[in-house]
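> Got a predicted model here, sequence first, then my questions.
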Amino acid sequence: MLHQAEYPALEFDDNPVAKLNPSNFADPKFDTDKLVITFFPEVVRKLLDQDAIFEDRVIPGENPIPIYRFAGDAEVLLTLGQVGCPACAGNLDLFHAMGIDKVMFCGGGGVLDRNIEVGQILVVDGAIRDEGFSYQYVAPSRVIYADRAINDKIIRYLEENNIPYLQGLTWTTDAIFRETPDRIELRKREGAKIVEMEQAGCIAVAQFRRFSYGALVYGGDDLTGEEWSNRGWRSREGVRYDLVQLCRKLLAVI
């Protein structure tokens, strides 16, 4: 049923069936249910060079999506995420229709707390919904929360393996060039530790379709000072490589 509202983006429709559905594009299905989504293209290249992954298939379309498989862990697939909820979370909906039921996401984002060091891992507890995509999957709310049971399993693994981590909210926004000082301060007061562009949408798809989803986002550039600071966050190859491998292992526990 469509619930009308003053603004179109807030008119949530809980009907699970649309005119165009992911199932229309879900053939052939995967033979596994586990997937890592990463935003680290240099890690994918390195894994290919090491023969640690190989191309499983390319999902056709105007923007073809390569899917890789870990050579030493054939039950786990790997793909590069696309920027923004419509692309990344939209593809996630398709992946689920193709048989994926367990997903780990690893990416980076801008820190809203200067005490978060470059490379520090944030277990995403939820996201402030400052975008439009998630409102098509889950009724309007200021924050959308991750599955607590899934996060408990992730945290248990991190603690058992002495891997440092933080927990908290992200701020998901569509507009990278509209992260204004006032908006940043408000999001900080609301509890956001990192700003990124995908989590609200990915969490919403996982809730709507009812599959397991967890996310680790590491501290990247710094938005807390008078001027934006890159902090060389995209050059932290070791951190990014290790994060992909960590997410691969976490798929066995979520």
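Here it is on my side, so go on. Numbers count the residues shown, from 1 in each chain.
> any weak-confidence spans in the stretch 1-150 of the chain?
For the stretch 1-150 of the chain, applying pLDDT under 70 flags no range at all.
> How many neighbouring residues does A192 have?
Using other Cβ atoms under 10 Å, A192 has 25 neighbouring residues. Where you see a C-beta, it was placed from the backbone N, CA and C, and this is true even at glycine.
> show me the contacts for it.
L112, I128, G168, L169, T170, W171 (Cβ atoms under 8 Å, 6 or more residues apart in numbering).
> Including secondary structure, distance to D73 and neighbour count, could those go into a markdown table?
Shown next, in a markdown table, are those (DSSP: H, G, I helix; E, B strand; the rest coil; distance: Cβ to Cβ, whole Å; neighbours: other Cβ atoms under 10 Å):
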| residue | secondary structure | distance to D73 | neighbour count |
| --- | --- | --- | --- |
| L112 | coil | 35 | 25 |
| I128 | strand | 34 | 22 |
| G168 | strand | 30 | 17 |
| L169 | strand | 31 | 23 |
| T170 | strand | 28 | 30 |
| W171 | strand | 33 | 30 |
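> got the residues you listed as CSV, with distance to Q120 columns?
Putting the contacts of A192 into CSV (distance: Cβ to Cβ, whole Å) gives the following:
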residue, distance to Q120
L112, 13
I128, 20
G168, 11
L169, 15
T170, 13
W171, 17
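> what about the helices in the protein?
41-49, 85-97, 148-160, 181-189, 199-209, 237-250 (DSSP state H).
> Poorly predicted segments of the stretch 151-254 of the chain, please.
Residues of the stretch 151-254 of the chain that meet the criterion pLDDT under 70 lie in 220-237.
> Go ahead and confirm Q82 touches A89.
No. Counting by Cβ atoms under 8 Å, Q82 does not reach A89; the two are 9.5 Å apart.
> Which one's more surrounded, these two?
In this view Q82 and A89 are compared by other Cβ under 10 Å, and A89 has more residues nearby, 27 against 17.
> Which residues are in contact with the more buried one?
Neighbouring residues of A89 by Cβ under 8 Å, 6+ apart: F133, S134, E198, G201, C202, A204, V205.
> next one: D31
G99.
> And for A200?
C85, A127, I128, R129, D130, E131, F133, S134, I144, T170, T172.
> The same query, at a cut-off of 10 Å, please.
Counting by Cβ atoms under 10 Å, 6 or more residues apart in numbering, A200 makes contact with 85, 89, 126-135, 137-138, 143-144, 170-174.
> got it, and V44?
Contacts for V44 (Cβ under 10 Å, 6+ apart) come out as T38, I53, P66, Y68, L78, T79, L80, V244.
> Tell me the spacing between L20 and K249.
36 Å (Cβ to Cβ, to the nearest Å).
> same check, this time on N24
Distance from N24 to K249, counting by Cβ to Cβ: 34 Å.
> Tell me which of these two has more neighbours.
Using other Cβ under 10 Å as the criterion, N24 and K249 rank with K249 on top: 14 against 11.
> show me what contacts the closest residue in space to the more buried one that isn't next to it in sequence?
Nearest residue to K249, sequence neighbours excluded (Cβ to Cβ, 6 or more residues apart in numbering): Y157, at 7.5 Å. Applying Cβ under 10 Å, 6+ apart to Y157 gives the contacts I163, L246, K249, L250, A252, V253, I254.
> just the buried members of those?
Among those, those buried by neighbour count (16 or more other Cβ atoms under 10 Å) are L246, L250, I254.
> wait, which of those is closest to D14?
I254 (26.2 Å; Cβ to Cβ).
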